[in-house]
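In: Need a 3D model of the following:
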Amino acid sequence: MAAVFAIEGVTIVWSSVVTRLIDTLSGFSRSEPVSFYPVYAGIMSSGTLLLCAWGVFNWRVWGRYLAICFMTFYIIVAMAAFRFGGGSGSYVTLSFAMALNILVLIWLLLPSVRAEYARKALTA
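Out: Next up is the predicted model:
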């Protein structure tokens with residue numbers, strides 16, 4: 001499950017940081033007004049997701065709580081986008097993302113996973 005957070009973090013790095021940085025620098029060379037805010041926001045969100053992936057991978061209790069918060073937030077955002085968004089192509093993507101986030105949330109809330117996190121917290 002940590003791979004899900006790592007993949008999301010890497011894709012955010014690539015999609016929002018690298019591509020927007022290239023677009024921003026090309027706009028800068030054309031003397032257009034540029035903003036690095038999307039790049040900074042992408043760095044912050046991808047860094048947080050990668051930190052969450054590290055916490056889940058190493059069975060840290062804070063990583064589990066952070067992952068539960070992220071998955072709940074992403075499920076709510078996907079439901080809102082599904083309800084208020086448009087375009088039939090995005091419905092397939094949103095449905096897949098919502099299903100994946102629900103599966104990760106269910107895994108994090110399983111009694112055996114909670115017990116393993118509690119056991120790791122007591123031995124650490």
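
In: buried set for the longest helix anywhere in the chain?
Out: Scanning the chain for the helix with the most residues, using DSSP state H, yields helix 61-84. Neighbour counts over helix 61-84 (16 or more other Cβ atoms under 10 Å) mark 63-64, 66-67, 70-71, 74-75, 78, 81 as buried. From N, CA and C alone the C-beta is placed, and that goes for glycine too.

In: helices and strands around the next helix or strand after that helix, which ones?
Out: Using DSSP states H and E, the helix or strand that directly follows helix 61-84 along the chain is helix 88-109. The helices and strands touching helix 88-109, judged by 3 or more Cβ pairs under 8 Å, 6 or more residues apart in numbering; DSSP states H and E, are helix 61-84.

In: contacts for the helix it packs on?
Out: Contacts with helix 61-84, where a contact means Cβ atoms under 8 Å, 6 or more residues apart in numbering, come from 1, 5, 48-49, 51-52, 54-57, 90-91, 94-95, 97-98, 101-102, 104-105, 108-109, 113, 117-118, 120-121.

In: could you give the mean pLDDT of that helix?
Out: Averaged over helix 61-84, pLDDT sits at 87.

In: Let me know the angle separating it from helix 88-109.
Out: Interaxial angle, helix 61-84 versus helix 88-109 (axes from the mean of the first three to the mean of the last three Cα atoms, to 10 degrees): 150 degrees.

In: Could I have the CA atoms of helix 61-84 written out in PDB?
Out: Extracted as PDB, the C-alpha positions of helix 61-84 are listed here (Å, rounded to 0.1, in the frame of the first residue of the first chain):
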ATOM      1  CA  VAL A  61       1.800   4.900  13.400                       C
ATOM      2  CA  TRP A  62       1.900   8.500  12.200                       C
ATOM      3  CA  GLY A  63       2.200   7.200   8.600                       C
ATOM      4  CA  ARG A  64      -1.000   5.200   9.100                       C
ATOM      5  CA  TYR A  65      -2.900   8.200  10.500                       C
ATOM      6  CA  LEU A  66      -1.600  10.500   7.700                       C
ATOM      7  CA  ALA A  67      -2.600   7.900   5.100                       C
ATOM      8  CA  ILE A  68      -6.100   7.600   6.500                       C
ATOM      9  CA  CYS A  69      -6.400  11.400   6.400                       C
ATOM     10  CA  PHE A  70      -5.200  11.500   2.800                       C
ATOM     11  CA  MET A  71      -7.400   8.700   1.600                       C
ATOM     12  CA  THR A  72     -10.500  10.200   3.300                       C
ATOM     13  CA  PHE A  73      -9.700  13.600   1.700                       C
ATOM     14  CA  TYR A  74      -9.100  12.000  -1.700                       C
ATOM     15  CA  ILE A  75     -12.300  10.000  -1.600                       C
ATOM     16  CA  ILE A  76     -14.300  13.200  -0.700                       C
ATOM     17  CA  VAL A  77     -12.600  15.200  -3.500                       C
ATOM     18  CA  ALA A  78     -13.200  12.400  -6.000                       C
ATOM     19  CA  MET A  79     -16.900  12.100  -5.000                       C
ATOM     20  CA  ALA A  80     -17.300  15.900  -5.300                       C
ATOM     21  CA  ALA A  81     -15.500  15.900  -8.700                       C
ATOM     22  CA  PHE A  82     -17.600  12.900  -9.800                       C
ATOM     23  CA  ARG A  83     -20.800  14.700  -8.800                       C
ATOM     24  CA  PHE A  84     -20.000  18.200 -10.000                       C
END
